[in-house]
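S.K.: Need coordinates for the below:
(2 chains)
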Protein chains: 2
Amino acid sequence: MSVRELYGWMVQLITPRPIAWVSSLSQQGVPNLAPYSFFNGVGANPPMVMFCPANNRAGEPKDTLRNVQQTGEFVVNMVTEAMAEQMNQTAAEYSPETDEFVAAGVAKVTSAKVQVPRVQSCKASMECRVHQILEMGQGPGGANLVIGQIVWLHVAADLFNAEDQFLSEDFDTIGRMGGNVYSHTRDRFNLERPPRPADS
Amino acid sequence: MSVRELYGWMVQLITPRPIAWVSSLSQQGVPNLAPYSFFNGVGANPPMVMFCPANNRAGEPKDTLRNVQQTGEFVVNMVTEAMAEQMNQTAAEYSPETDEFVAAGVAKVTSAKVQVPRVQSCKASMECRVHQILEMGQGPGGANLVIGQIVWLHVAADLFNAEDQFLSEDFDTIGRMGGNVYSHTRDRFNLERPPRPADS
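M.R.: Numbers count the residues shown, from 1 in each chain, chains lettered A, B, ... in the order given. Take a look at the predicted model:
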């Protein structure tokens, strides 16, 4: 099976994937913004996330990877339905000199702990410092596993009610499926975690 | 913010998460089956996945971690709606001597390339060999990042039509949200990837 076929199966089968809309800065100070769905939490003690920028079909690394290698900082902005179109716009392969915030018409705002700006309209953002970057293969489809420690967390004020409770149902993130397909997350159900069995 | 609070925010914000229903074998040959939602693809060249078993509240490692450390093998079984209840049943903390396949009434079947059995009724499974395990923190909420290379891929025959095309809409995986909440993936939409911009 070719690398492209393998990649095709991975994105069709590993679903639904959360989307990290990653902002970063080049050494020259050019802001970058691009979505990654090989992304997730790692652990909470300390709080770590990971995402995996893959090399393009020419085997070249993404601008995001170069930026986090050089500056050691990034912000993960979470994508809700209202931001889907703009997120998708930043998936285009812009040149390193292009500010994707400007190209996609996305307003930026200063972060609290890192130099990298975050997306103003996102309802949640995680400011991160690079903990470790692992090369996972080379050439087209080869990837790097970027692990970052969360150093600051933003959650929009309108996601809390008057009693300061988080309104999780209003946080309507979208998930990545295969191809150009996304899933909504408004159709939800509950499963109570089973009790600790008597035998253990 | 406490580790528990941080973990709570991570699982509420990083959504929807794909679920790896991981089967493994202890050195004594006892099968284990448990769900992990800090899970995703890493890259396709070579094909790699990752998942992160976190220590429990007492700071003890999960049986799955010990198993993959000792045997170097695991299978990621993907969870569709029909398997949700049984998957949830295996989230209970059974003793290391318990075969979770039996405890949750899940039929197992022999794998093609690894000793670890896979879940018979799952519509897709990825047989994996451990590539690397990274310790990411210690104590309660500390995790290990397990990276595995996919060595064999199973996709159920009924997910293909007569022309051998994959029926992605019939692959109704569920996603993990915060708390005890899950999302369906049947409500989908398309976004065409934008063309390469003229400036690059």
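
S.K.: all helices for chain A, in order.
M.R.: For chain A, the helices defined by DSSP state H occupy A:3-13, A:63-71, A:84-89, A:100-103.

S.K.: Kindly reformat these as JSON lines containing mean neighbour count.
M.R.: From N, CA and C alone the C-beta is placed, and that goes for glycine too. Shown next, in JSON lines, are the helices of chain A (neighbours: other Cβ atoms under 10 Å in any protein chain shown):
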{"stretch": "helix A:3-13", "mean neighbour count": "19"}
{"stretch": "helix A:63-71", "mean neighbour count": "20"}
{"stretch": "helix A:84-89", "mean neighbour count": "19"}
{"stretch": "helix A:100-103", "mean neighbour count": "18"}
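
S.K.: Just send these back as CSV, with mean pLDDT too.
M.R.: Formatted as CSV, those follow (pLDDT from 0 to 100):
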stretch, mean pLDDT
helix A:3-13, 95
helix A:63-71, 97
helix A:84-89, 97
helix A:100-103, 96
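
S.K.: Any idea which of those helices gets closest to residue A:121?
M.R.: In terms of Cβ to Cβ, the element of those nearest to residue A:121 is helix A:84-89, at 8.1 Å.

S.K.: does any bit of the closest one sit next to chain B?
M.R.: Yes: contact of helix A:84-89 with chain B (Cβ under 8 Å from any Cβ of the partner chain) involves A:84, A:85, A:88, A:89.

S.K.: For burial, what's the neighbour tally of the residue lying closest to residue A:65 once chain neighbours are set aside?
M.R.: Of all residues not flanking residue A:65 in the chain, residue A:53 sits nearest, at 4.4 Å (Cβ to Cβ, 6 or more residues apart in numbering or on different chains). Residue A:53 has 25 neighbours, counted by other Cβ atoms under 10 Å in any protein chain shown.

S.K.: For residue A:53, list the residues it contacts.
M.R.: Applying Cβ atoms under 8 Å, 6 or more residues apart in numbering or on different chains to residue A:53 gives the contacts A:34, A:36, A:61, A:62, A:64, A:65, A:143, A:144, A:146.

S.K.: Got the phi and psi for the nearest residue to residue A:141 once chain neighbours are set aside?
M.R.: Excluding its sequence neighbours, the residue lying closest to residue A:141 (Cβ to Cβ, 6+ apart) is residue B:45, at 3.5 Å. Residue B:45 adopts backbone torsions of phi -130, psi 80, taken as degrees, to the nearest 10.

S.K.: so residue B:45 touches residue A:137, yeah?
M.R.: Yes: at 4.5 Å, residue B:45 counts as touching residue A:137 under the criterion of Cβ atoms under 8 Å.

S.K.: Identify the contacts common to those two.
M.R.: residue A:143.

S.K.: picking that back up, quick one, what contacts the residue nearest to residue A:141?
M.R.: By Cβ under 8 Å, 6+ apart, the contact set of residue B:45 is A:3, A:6, A:7, A:137, A:138, A:139, A:140, A:141, A:142, A:143.

S.K.: What distance do you get for the residue nearest to residue A:24 when sequence neighbours are not counted to residue A:29?
M.R.: Closest residue in space to residue A:24, ignoring its immediate chain neighbours: residue A:67 at 3.7 Å, by Cβ to Cβ, 6+ apart. Residue A:67 sits 10 Å away from residue A:29, taking Cβ to Cβ, to the nearest Å as the criterion.
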